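Chemist: Let's see this in three dimensions:
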Amino acid sequence: MIDIDDPKQGGRFALFNLGFRPFFLGAAGYAVVSVAVWMVIYLTDWSVQPYGLPASMWHAHEMIFGYAMAVIAGFLLTAVRNWTNIPTLNGTPLLLLCLLWLVGRIVPFLSDVLLIGVVALADCLFTLLLIFALSVPIVKARTWNNLAIISVLALMLLAQLSFYLGVAGVVEGGVYYGLYSGLYLIVALIFIMGRRVIPFFIEKGVGYAVQLTNRRWLDVASLVLFLCFWVSDLLWPNAPVAAALAALLFVLHALRLAGWHTSGIWGKPLLWVLYLAYAWMVLAFALKAAVYIFDFSASLALHAFAYGGIGMMTMGMMARVSLGHTGRNIAAPPPWLAWAFALLFIGALVRVILPLLDPSHYAWWIGLSQGLWLAAFALFFVIYLPILTRPRIDGRVG
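Modeler: Residues are numbered from 1 along each chain as shown. Prediction:
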């Protein structure tokens, strides 16, 4: 195993020096490949059915447990090292964990029903080993406050099990419970981590002194209400209770977002991408309430959470973390990066807003939004390929 604290190590290839490198690159590449496959399925007569389910279910599963879990793994393996000052996976163990994640992405297309068990085992084992890899340094350093993150990952593991038990016909509704629980757990993790880092990034990054507004009561109320919303929407989808809770969450998170605003963010791509991503999730709560009140399509709220919220937030975090942890200046990101963010934002507008304004061209909007997603992540991948595979520019290992 590479000693991550040994400044004499390195070499010309650094992909497996620290967790963010292979998982961010893998997530970006898979964001292109998986959506390209989904685009072909959606726009043609290709009748492939991974897991023996409609291809839309595969798409949902892969965005949650494929793409997003890779970003989460890369972020947390890097963040926990910083929080505890104890090395996390690197070298061969990190490579093996990445290969385990990759198995779950490839095997569903081998068209053998018996291999569903292999996919389930690979995906669940990946999450279990990730939990173990993160728990060891947290326990050693006694940073008990970070165990909340471990609990979210444990719930993600249960969501994965629910999905696969549903696929196997063991748990009725297991596919639905697994997919929506996975989505809402990722949203919850973004809220938890966003509250910790977004105002900090803004205060340090705008270039002038600013004190952003945070409220303890809002932090507690928003988490409690979100837990209630998650449970209610699982048990009674789009019912009055879920709509009322979504409306309350819209108000609370809009209030939080207003407290984080300062005009300096709009000149900093690494700041406005995170701010707009959070704004998409705020909008998603409003759209979720509108499903019951105005009979809006539930797909609009779903993609406001997933495309605009999770998509932009994960790309923004990957961009920032990769620059900072390779010794680069986060105040001077690659010039083309802002275009990747902009393409993703426009794609979210096309996917969520245009079907609301002009439902008669729904298929066109879906196809266009898929193309914009592909362009955004392909550009991101090209920009960050050399950054993530080459050693830190300051000579340190990481």
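Chemist: what's the pLDDT at residue 5?
Modeler: Residue 5 is assigned a predicted lDDT (pLDDT) of 38.
Chemist: okay, how far is it across stretch 391-398, tip to tip?
Modeler: One end of stretch 391-398 sits 8 Å from the other (CA to CA, to the nearest Å).
Chemist: what comes up buried for that stretch?
Modeler: Neighbour-count burial for stretch 391-398 flags 391-392, 396-398 (criterion: 16 or more other CB atoms under 10 Å). All C-beta atoms are positioned from the backbone trio N, CA, C, and that covers glycine.
Chemist: Redo those residues as a markdown table? Include secondary structure and pLDDT.
Modeler: Shown next, in a markdown table, are the buried residues of stretch 391-398 (DSSP: H, G, I helix; E, B strand; the rest coil; pLDDT from 0 to 100):
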| residue | secondary structure | pLDDT |
| --- | --- | --- |
| 391 | coil | 95 |
| 392 | coil | 94 |
| 396 | coil | 83 |
| 397 | coil | 78 |
| 398 | coil | 80 |
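Chemist: Tell me the one among those residues nearest to residue 268.
Modeler: For the buried residues of stretch 391-398, the minimum distance to residue 268 (CB to CB) is 22.8 Å, reached by residue 392.
Chemist: now the closest one: how far from residue 327?
Modeler: Distance of residue 392 to residue 327, computed by CB to CB, to the nearest Å: 4 Å.
Chemist: Please work out how many residues are found near residue 295.
Modeler: Neighbours of residue 295 under the rule other CB atoms under 10 Å: 8.
Chemist: Quick check: phi and psi at it.
Modeler: Phi and psi for residue 295, reported as degrees, to the nearest 10, are phi 60, psi 40.
Chemist: what pLDDT does it get?
Modeler: For residue 295, the model assigns a pLDDT of 94.
Chemist: ditto for the one 5 residues further on
Modeler: Confidence at residue 300, expressed as pLDDT, is 97.
Chemist: Residue 286 versus that one, what's the distance?
Modeler: Separation of residue 300 from residue 286 (CB to CB): 10 Å.
Chemist: quick one: what helix or strand has residue 78 in it?
Modeler: Per DSSP states H and E, residue 78 falls inside helix 69-84.
Chemist: And for residue 213?
Modeler: Judged by DSSP H and E, residue 213 forms part of no helix or strand.
Chemist: so who does it touch?
Modeler: With contacts defined as CB atoms under 8 Å, 6 or more residues apart in numbering, residue 213 is in contact with 258-260.
Chemist: if we go to 6 Å?
Modeler: If you count contacts by CB atoms under 6 Å, 6 or more residues apart in numbering, residue 213 has them with residue 259.
Chemist: Please tell me how far it sits from residue 296.
Modeler: 31 Å.
Chemist: same deal with residue 218?
Modeler: Distance of residue 218 to residue 296, computed by CB to CB: 26 Å.
Chemist: could you point out where the stretch 51-200 of the chain is predicted with low confidence?
Modeler: Within the stretch 51-200 of the chain, the ranges that satisfy pLDDT under 70 run 111-114.
Chemist: residue nearest the centroid of this protein?
Modeler: Residue closest to the mean C-alpha point of the chain, counted by CA atoms, centre = their mean, is residue 68 at 3.7 Å.
Chemist: close enough to count as contact, it and residue 186?
Modeler: Yes - counting by CB atoms under 6 Å, residue 186 is a contact partner of residue 68 at 5.1 Å.
Chemist: list residues touching both of the two?
Modeler: With CB under 6 Å, 6+ apart, residue 68 and residue 186 have common neighbours residue 310.
Chemist: Phi, psi for residue 238 please.
Modeler: The phi/psi pair for residue 238 (degrees, to the nearest 10) is phi 60, psi 30.
Chemist: Can you classify the closest residue in space to it that isn't next to it in sequence by secondary structure?
Modeler: Distances taken as CB to CB, 6 or more residues apart in numbering put residue 291 closest to residue 238, at 4.7 Å, once the chain neighbours are dropped. At residue 291 the chain is in helix, as set by DSSP: H, G, I helix; E, B strand; the rest coil.
Chemist: tell me the contacts of residue 233?
Modeler: residue 242.
Chemist: right, and the helix or strand after whichever helix or strand residue 121 is part of?
Modeler: In this structure, residue 121 is located in helix 116-141 according to DSSP H and E. Downstream of helix 116-141, the next assigned helix or strand under DSSP H and E is helix 147-167.
Chemist: In the following helix or strand past that next one, which residues are buried?
Modeler: Helices and strands here follow DSSP H and E; after helix 147-167, the next one along the chain is helix 174-205. Neighbour-count burial for helix 174-205, counted by 16+ other CB under 10 Å, picks out 174-191, 193-195, 198-199, 201-203, 205.
Chemist: With just CA atoms, put whichever helix or strand comes after helix 174-205 into PDB.
Modeler: Scanning forward in sequence from helix 174-205 by DSSP H and E, the next helix or strand is helix 216-235. Output in PDB follows, covering the C-alpha atoms of helix 216-235 (Å, rounded to 0.1, in the frame of the first residue of the first chain):
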ATOM      1  CA  ARG A 216     -29.600  26.300  14.400                       C
ATOM      2  CA  TRP A 217     -33.400  25.900  14.600                       C
ATOM      3  CA  LEU A 218     -33.600  25.800  10.800                       C
ATOM      4  CA  ASP A 219     -30.900  23.100  10.700                       C
ATOM      5  CA  VAL A 220     -32.800  20.900  13.100                       C
ATOM      6  CA  ALA A 221     -36.200  21.600  11.700                       C
ATOM      7  CA  SER A 222     -35.200  20.900   8.100                       C
ATOM      8  CA  LEU A 223     -33.600  17.600   8.900                       C
ATOM      9  CA  VAL A 224     -36.600  16.400  11.100                       C
ATOM     10  CA  LEU A 225     -39.100  17.500   8.500                       C
ATOM     11  CA  PHE A 226     -37.100  15.900   5.700                       C
ATOM     12  CA  LEU A 227     -37.100  12.500   7.500                       C
ATOM     13  CA  CYS A 228     -40.900  12.800   7.900                       C
ATOM     14  CA  PHE A 229     -41.200  13.700   4.200                       C
ATOM     15  CA  TRP A 230     -39.100  10.700   3.100                       C
ATOM     16  CA  VAL A 231     -41.200   8.300   5.100                       C
ATOM     17  CA  SER A 232     -44.500   9.800   4.100                       C
ATOM     18  CA  ASP A 233     -43.600   9.900   0.400                       C
ATOM     19  CA  LEU A 234     -42.600   6.200   0.500                       C
ATOM     20  CA  LEU A 235     -45.800   5.100   2.200                       C
END
